[in-house]
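In: here is my input, please return the structure:
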Amino acid sequence: DLLAEWVDAASARSGYAEGHAMTLATASSSDGPTARTVICQAMGESAGGLVVGTNRSSQKCRQLLEQPRVECVFRWGDQQVRVRGEARLGSARESDAAFARLQRGQQLGLSLLRQGQPADEVRHAALTSAWSALAAKGDGAPVPRPGHFTAVCIRPVSFEFYQGGSASYINDRWLFCRTPDGSGFRL
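Out: Okay, here's the model as predicted:
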């Protein structure tokens, strides 16, 4: 609940993308640790934890299949939340829901884009042109979820909230860990 409150407040100040942006760190034996900024589309037990979308062939997805432990960081000025957890690929239903949350332009782009595959300038120009043609149609028809798009559901095991800004660096931190029976979190 506190994470949702902080995300909502950041979104009200800076917009949806800034409020929902989080760094997702993954790792594999071949690549080592990697991190990238993603958009947290949904959160909560009913959503399966924290939910992001990706391409099944992306580096993050390949790494998650090898090593499901992840860390996410939300940062807004003097506030930060670190979330540690385990990730899994979403079901077809969860992936459909994640795709449906995206704006139409994003859906069109993801139907063309192949994350995890290099694109030179010629390919980039072709993708941009194809997207412009699709967007110009403006027919409002639903965009079907591409088969390569999947939800990633992160089940948190801990949340560390940080409230900074003190000149002394004596700042506030709260660590919530999942209870041993998995039913909730404790401070």
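In: let me know the pLDDT of G116.
Out: pLDDT for G116: 69.
In: could you look up the SS state of R145?
Out: R145 carries the three-state label coil when classified by DSSP: H, G, I helix; E, B strand; the rest coil.
In: my read is that it contacts A97, right?
Out: No. Applying Cβ atoms under 8 Å as the test, R145 and A97 come out as separate, 9.5 Å apart. From N, CA and C alone the C-beta is placed, and that goes for glycine too.
In: and the helix or strand of the chain with the lowest mean pLDDT, what does it pack onto?
Out: Counting by mean pLDDT, DSSP states H and E, the chain has its least confident helix or strand at strand 185-186, which shows a mean of 88. Using 3 or more Cβ pairs under 8 Å, 6 or more residues apart in numbering; DSSP states H and E as the contact test, the elements touching strand 185-186 are strand 172-178.
In: neighbouring strands - and their directions - for the strand it packs on?
Out: strand 149-163 (antiparallel), strand 185-186 (antiparallel) (DSSP bridges).
In: centre of the chain to the top helix by length along the chain, how far?
Out: Looking across the chain with DSSP state H, the single longest helix is helix 121-137. Put simply, helix 121-137 sits 25 Å off its chain's centre (Cα atoms, centre = their mean, to the nearest Å).
In: likewise stretch 141-153?
Out: Centre-to-centre, stretch 141-153 and its host chain are 14 Å apart (Cα atoms, centre = their mean).
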